[in-house]
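Undergrad: Sharing a sequence plus its predicted fold:
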Amino acid sequence: MSKANLIVHPFIQHKLTIMRKKETPPAIFRALLQEISFLMGYEVTRDLPTEDVEIETPVAKTSKPKLVGRKMCIHSILRAGDGLMKGLLELIPTAKVGHVGLYRNPDDLHAVEYYFKAPPNLDERFNLVVDPMLATGNSAIAALDRIKQAGAKNITFMCLLSAPEGIEALSDAHPDVPIYTAAIDEKLNEKSYIVPGLGDAGDRIFGTL
């Protein structure tokens, strides 16, 4: 599916397969999610701009690339997004953090906001929005709407698993936002869970099954 960037590195896929198993306990699930997000972060940030700077090694002076000082913010869609955020902060420890608290209305599946907090000057930052699951796309769309209202312009969305329906909905609502995912599964079931998926990511992270 051309509307999403699929990351198929063998380490990521291997770890994801273990996470999918229903017998994988929360502690292992959390650790693997953090490891995968760290690995995915390399691909998501591949095109960050650099510039050559003059340095001196123990042997000689030289000119080598360094990241241009673009500010970054990682926005976690609560509660499950925090599982991805931790690995990304290991990769990008200087990043600021934002949170968008959403829950899914069981009647119509629409996202309802209950919390929002983000650093200032989002228009000057590279904004990475994270949530393990992109199912219907409702939560991701609502989160991106809110983050854009706060001023963000340069935004990327990253998830662990996605359904074709969610990719389509998010791409239609926010065509300017690139999507990165480790897997595009078959479909949504009648309860709007991703199939084959891995269940409810938040419940599996926090052991609230």
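TA: Perfect, thanks for sending it. Numbers count the residues shown, from 1 in each chain.
Undergrad: where does residue 197 land in three-state SS?
TA: Per DSSP: H, G, I helix; E, B strand; the rest coil, the local secondary structure of residue 197 is coil.
Undergrad: and it, how many neighbours does it have?
TA: Applying other Cβ atoms under 10 Å, we find 19 residues neighbouring residue 197. Yep, even glycine has a C-beta here, placed from its N, CA and C like the rest.
Undergrad: Same question for residue 37.
TA: By other Cβ under 10 Å, 27 other residues sit near residue 37.
Undergrad: A helix includes it, no?
TA: Yes. Judged by three-state DSSP, residue 37 forms part of a helix.
Undergrad: which ones are touching it?
TA: Residue 37 makes contact with 83, 84, 85, 86, 87, 88, 130, 158, 160, according to Cβ atoms under 8 Å, 6 or more residues apart in numbering.
Undergrad: Got phi/psi on the last one?
TA: According to degrees, to the nearest 10, the main-chain angles of residue 160 amount to phi -80, psi -50.
Undergrad: ok, and the closest non-adjacent residue to it?
TA: Ranked by Cβ to Cβ, 6 or more residues apart in numbering and with sequence neighbours excluded, the top spatial neighbour of residue 160 is residue 132, at 4.3 Å.
Undergrad: got the contacts of residue 37 as JSON lines, with secondary structure columns?
TA: Formatted as JSON lines, these follow (three-state DSSP):
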{"residue": "83", "secondary structure": "helix"}
{"residue": "84", "secondary structure": "helix"}
{"residue": "85", "secondary structure": "helix"}
{"residue": "86", "secondary structure": "helix"}
{"residue": "87", "secondary structure": "helix"}
{"residue": "88", "secondary structure": "helix"}
{"residue": "130", "secondary structure": "strand"}
{"residue": "158", "secondary structure": "strand"}
{"residue": "160", "secondary structure": "strand"}
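Undergrad: Now pLDDT too, for those, in JSON lines please.
TA: Shown next, in JSON lines, are these (pLDDT from 0 to 100):
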{"residue": "83", "pLDDT": "91"}
{"residue": "84", "pLDDT": "93"}
{"residue": "85", "pLDDT": "93"}
{"residue": "86", "pLDDT": "90"}
{"residue": "87", "pLDDT": "92"}
{"residue": "88", "pLDDT": "95"}
{"residue": "130", "pLDDT": "97"}
{"residue": "158", "pLDDT": "97"}
{"residue": "160", "pLDDT": "96"}
